[in-house]
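Q: everything below, folded, please.
(chains A and B)
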Amino acid sequence: MADVVGFEVVKPGLLALLQDQGRFGYEHLGLSSGGPVDGCAFTLANQLCGNSQRATTVEISLGGFAVRAQLHTTIAVTGASMGLRINGEPCAQWRSHRVAPGDLLELGYARRGCRSYLAVAGGFTVAPQFGSTATVLREGIGGLNGTALVSRDLLPCEASLPQPVLQLPAVSQPQYPTARVLRLVLGYQHLAFADDQLHRFFTSEYRVSALCDRMAYRLQGPSVTASLQGMLSEGNCLGAVQLPPDGQPIVLLNDRQSIGGYPKMGSVLAVDCAYLGQLSAGDKVRFSVISQFEAETIAADTARASLCSAIIACK
Amino acid sequence: MNTESLAVDAVTATIEVAGENALIVYLGERPSAVVSASLFALAQALKQQLGKAIIGLTPSYASLLISYDLQQSNARQVTEAVNEIVTTLAPGSQQDGCLVVLPVYYGAEVGLDLHSLAQAKGLAAKEVIAIHQQREYRVYAIGFAPGFAYLGDVDERIAAPRLATPRQQVPRGSVAIAERQTAVYPAQSPGGWNIIARCPLAMFDPHSTPAMPVQVGDRVQFEAISRAQFLDLGGEL
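A: From the prediction side, this is the model:
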């Protein structure tokens, strides 16, 4: 049997997780979808390496991550700017790089945004569980063994032949401002909120609290409460905005529980959830309403744009 | 496999927007055997009709959350499919879920709240144990954690509120009651339900197929076993 090679984790940083696009079709067992919080940056990292959107990447939250290559291949880092260095030399993110055995890839701490994605040509070759390699810590499922990466973990992948160096031009790179408007499709339960509550929700600024992770972002600000009591638990979709009795909004993200019983205002667009996931405690958000039809159009446009994105070959 | 069928007079579906690529269908105001069976049938039919356009289906007490791929479908098409399927559900009949019997050890060393629950309800512990086994429960929902099945309805005589302070660690396999629901904790986790017994079977095993012995819509009955049988079946004390 040939020795398994790939990248050895030198420093896992605060939180590094293997993620593919997510685990779908197992909600009935109570499984979260997992997957990249910033699906846009994830997709671009894979595209820069010539991968499909199904390839497994590493999602690095907040930074402080380092790996050593054991083979010849192509890598790319997208998402939050973390000051990528290869063998100590500063290297551009949003661009593919050729690496050789022994090369050290390091990421510092996030300066703008908080999650970045490391992709490798062909993806990391990890056995899927329930059809996906996405790591969901709360469930102990996915990744190498259901946990976050630790030092000395080996991220297996295959050597790849040189390919054209690709980059996403600076003008097309997502910016990660610390304040955002989150567009929301109203759910029917918004009828359980009186007019003054709705007005407050859509005109107030909310602050990202310290309780913000892959499961949910809890927000702080003017409280908004529903008249609805004793709801039956029901399925939660990505971006659902729950308003528990304390009136502080909770936006549910990838590792959300599959069902829940708090009244919901509606759901934030997936593309805006990706931006929300780049915010940290203290950052600001507001909500705006968007019709479901407009949301469908935006989602379709986003999907199309990512299929023929602005990536170009470097000269 | 149980083949008992349920007569359904009429199933009315309320379809609401949940998100940019998600709709939620309510088949009733409150959970019941008919609603559960109809949700199950609706989910199966949707999978057949829409195939890969369906990303996920999350059944719960009286609702089904449907998320779909906007590259392949949209709200209008999914709504049409749901409406069409619902007319075939009524006034026909559906198969009831499977009956799954779960062996349970009601020993004092594992039924951590059995004594206090019995006291609070003015019953002897053995009466609580007997009442818990008398009913067939319906799997209304699965969530909270992988494999955590919400079973109902528990007899009023043994219904009890959640603990004032949840436990940090509820042992794996614990059988517990909260209000009119009962459940088996599939893994060690924090929890606030009243623990009355322990089940030796794995309620969630990612390495076996199926990963769970029950699914939403199934029926569950608990059957008392001895300490020796519990250990024989792989139970841990």
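Q: got the contact list for the residue in chain B that chain A sits nearest to?
A: Closest to chain A within chain B is residue B:65: 2.6 Å, counting by Cβ to the nearest Cβ. C-betas here are computed from N, CA, C, even on glycine. Going by Cβ atoms under 8 Å, 6 or more residues apart in numbering or on different chains, residue B:65 touches A:27, A:234-237, B:18, B:22-24, B:56-58.
Q: could you do residue B:157 as well?
A: Contacts of residue B:157 by Cβ under 8 Å, 6+ apart are B:121, B:123, B:131.
Q: tell me which stretches of chain B form helices.
A: Remark: helices assigned in chain B by DSSP state H are B:33-50, B:75-89, B:114-120, B:125-134, B:227-232.
Q: what's the most buried one of these?
A: Each of the helices of chain B was scored by mean neighbour count; the highest is helix B:33-50, a mean of 20, by mean count of other Cβ atoms under 10 Å in any protein chain shown.
Q: now it and helix B:75-89, what's the angle there?
A: 130 degrees (axes from the mean of the first three to the mean of the last three Cα atoms, to 10 degrees).
Q: how does chain A divide up, domain by domain?
A: A:6-170, A:179-307 (automatic domain parsing).
Q: and for chain B?
A: B:5-95, B:99-232.
Q: tell me if stretch B:201-216 is near chain A.
A: Yes: applying Cβ under 8 Å from any Cβ of the partner chain, one finds stretch B:201-216 in contact with chain A at B:204, B:206, B:211-212, B:215-216.
Q: pretty sure residue A:109 contacts residue A:60?
A: No: if you go by Cβ atoms under 8 Å, residue A:109 and residue A:60 don't touch, sitting 10.4 Å apart.
Q: more neighbours: which of those two?
A: The neighbour comparison of residue A:109 against residue A:60 (other Cβ atoms under 10 Å in any protein chain shown) goes to residue A:60, with 27 against 14.
Q: how near is the more buried one to chain B?
A: Distance, residue A:60 to chain B, using Cβ to the nearest Cβ, to the nearest Å: 25 Å.
Q: quick check: buried residues in the helix ranked longest in chain A?
A: In chain A, taking DSSP H as the definition, the longest helix is helix A:292-307. Within helix A:292-307, the residues that count as buried by 16 or more other Cβ atoms under 10 Å in any protein chain shown are A:292, A:295-296, A:298-299, A:302-303, A:306.
Q: go on, stretch A:127-136?
A: Here stretch A:127-136 shows A:129-130, A:132-136 as buried, counting by 16+ other Cβ under 10 Å.
Q: each with direction, which strands does the helix or strand just after the longest helix of chain A pair with?
A: Moving toward the C-terminus from helix A:292-307, the next helix or strand (DSSP states H and E) is strand A:312-313. Neighbouring strands of strand A:312-313 in its sheet, by DSSP bridges, are strand A:166-167 (antiparallel).
Q: what's the partner strand in contact with?
A: By Cβ under 8 Å, 6+ apart, strand A:166-167 touches A:47-48, A:50, A:76, A:92, A:94-96, A:311-314.
Q: chain center to that strand: distance?
A: Relative to its chain's centre, strand A:166-167 lies at 21 Å (Cα atoms, centre = their mean, to the nearest Å).
Q: how far away is whichever residue of chain A sits closest to chain B from residue A:182?
A: Across chain A, the shortest distance to chain B (Cβ to the nearest Cβ) belongs to residue A:235, at 2.6 Å. From residue A:235 across to residue A:182, the span is 21 Å (Cβ to Cβ, to the nearest Å).
Q: and these two? Which one has more around it.
A: Using other Cβ under 10 Å as the criterion, residue A:235 and residue A:182 rank with residue A:235 on top: 26 against 23.
Q: surely the more buried one is in contact with residue B:62?
A: No: using Cβ under 8 Å, residue A:235 makes no contact with residue B:62, being 11.3 Å away.
Q: now residue A:223. Its backbone dihedrals?
A: phi -80, psi 140 (degrees, to the nearest 10).
Q: residue contacts, it?
A: By Cβ under 8 Å, 6+ apart, the contact list for residue A:223 reads A:246-248.
Q: counting neighbours, what do you get for residue A:208?
A: Neighbour tally, residue A:208, other Cβ under 10 Å: 21.
Q: with adjacent residues omitted, what lies nearest to residue A:309?
A: Nearest residue to residue A:309 in three dimensions, chain neighbours excluded: residue A:47, at 6.1 Å (Cβ to Cβ, 6 or more residues apart in numbering or on different chains).
Q: thought that neighbour was touching residue A:310?
A: No: if you go by Cβ under 8 Å, residue A:47 and residue A:310 don't touch, sitting 10.1 Å apart.
Q: more neighbours, those two?
A: Legend: neighbour count by other Cβ under 10 Å for residue A:47 and residue A:310, higher for residue A:47 (23 against 13).
Q: quick one: residue A:65 is in a strand?
A: Yes: membership of residue A:65 in a strand is supported by DSSP: H, G, I helix; E, B strand; the rest coil.
Q: show me what it is bridged to.
A: With DSSP bridges as the rule, residue A:65 is bridged to residue A:107.
Q: from residue A:146, how far off is it?
A: Distance from residue A:65 to residue A:146, by Cβ to Cβ: 19 Å.
Q: how about the nearest residue to the most far-flung residue of chain B relative to its centre, chain neighbours excluded?
A: Largest separation from the mean C-alpha position in chain B: residue B:71, at 32.5 Å (Cα atoms, centre = their mean). Counting by Cβ to Cβ, 6+ apart, residue A:303 is the residue found nearest to residue B:71 once chain neighbours are left out, at 5.8 Å.
Q: how about residue B:65?
A: residue A:235 (2.6 Å).
Q: from residue B:44, how far off is that neighbour?
A: Taking Cβ to Cβ, one finds residue A:235 at 16 Å from residue B:44.
Q: residues touching residue 162, list them.
A: Unless you meant another one, I'm taking chain A. Neighbours of residue A:162 in contact, by Cβ under 8 Å, 6+ apart: A:74, A:98.
Q: actually it's chain B I care about, not the one you picked
A: B:178-179, B:192-194.
Q: sorry, back to before: from the contacts of residue B:65, which land in strands?
A: A:234-235, B:18, B:22-24, B:56-58 (DSSP state E).
Q: just among these, which is most surrounded?
A: residue B:18 (31 neighbours).
Q: spatially nearest residue to residue B:50, not counting backbone neighbours?
A: Nearest to residue B:50 is residue B:81, by Cβ to Cβ, 6+ apart, at 5.9 Å.
Q: and the pLDDT at that neighbour?
A: pLDDT, residue B:81: 96.
Q: before we move on, the earlier item: now, the most widely separated pair of the contacts of strand A:166-167?
A: A:50 and A:92 (17.5 Å; Cβ to Cβ).
Q: which one of the two has more residues nearby?
A: Higher neighbour count among residue A:50 and residue A:92: residue A:50, with 17 against 14, using other Cβ under 10 Å.
Q: all helices for the stretch 51-200 of chain A, in order.
A: A:195-203 (DSSP state H, counting those that start in this stretch).
Q: quick one: contacts for residue B:117?
A: Per Cβ under 8 Å, 6+ apart, neighbours of residue B:117: B:128, B:158, B:160, B:177, B:194, B:196.
Q: can you pull up the most central residue in the chain?
A: Looking at chain A here, since you left the chain open. residue A:37 (1.7 Å).
Q: oops, I was thinking of chain B
A: Closest-to-mean residue, chain B, Cα atoms, centre = their mean: residue B:139 / 2.7 Å.
Q: specify the beta-bridge partners of residue A:59.
A: Here residue A:59, judged by DSSP bridges, has bridge partners residue A:17, residue A:117.
Q: so who does it touch?
A: Residue A:59 touches A:16-19, A:36-37, A:42, A:115-117, counting by Cβ under 8 Å, 6+ apart.
Q: would CSV of those with pLDDT and distance to residue A:227 be doable?
A: Below are the contacts of residue A:59 laid out as CSV (pLDDT from 0 to 100; distance: Cβ to Cβ, whole Å):
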residue, pLDDT, distance to residue A:227
A:16, 98, 43
A:17, 98, 39
A:18, 98, 43
A:19, 98, 39
A:36, 98, 37
A:37, 98, 32
A:42, 97, 39
A:115, 98, 37
A:116, 98, 42
A:117, 98, 42
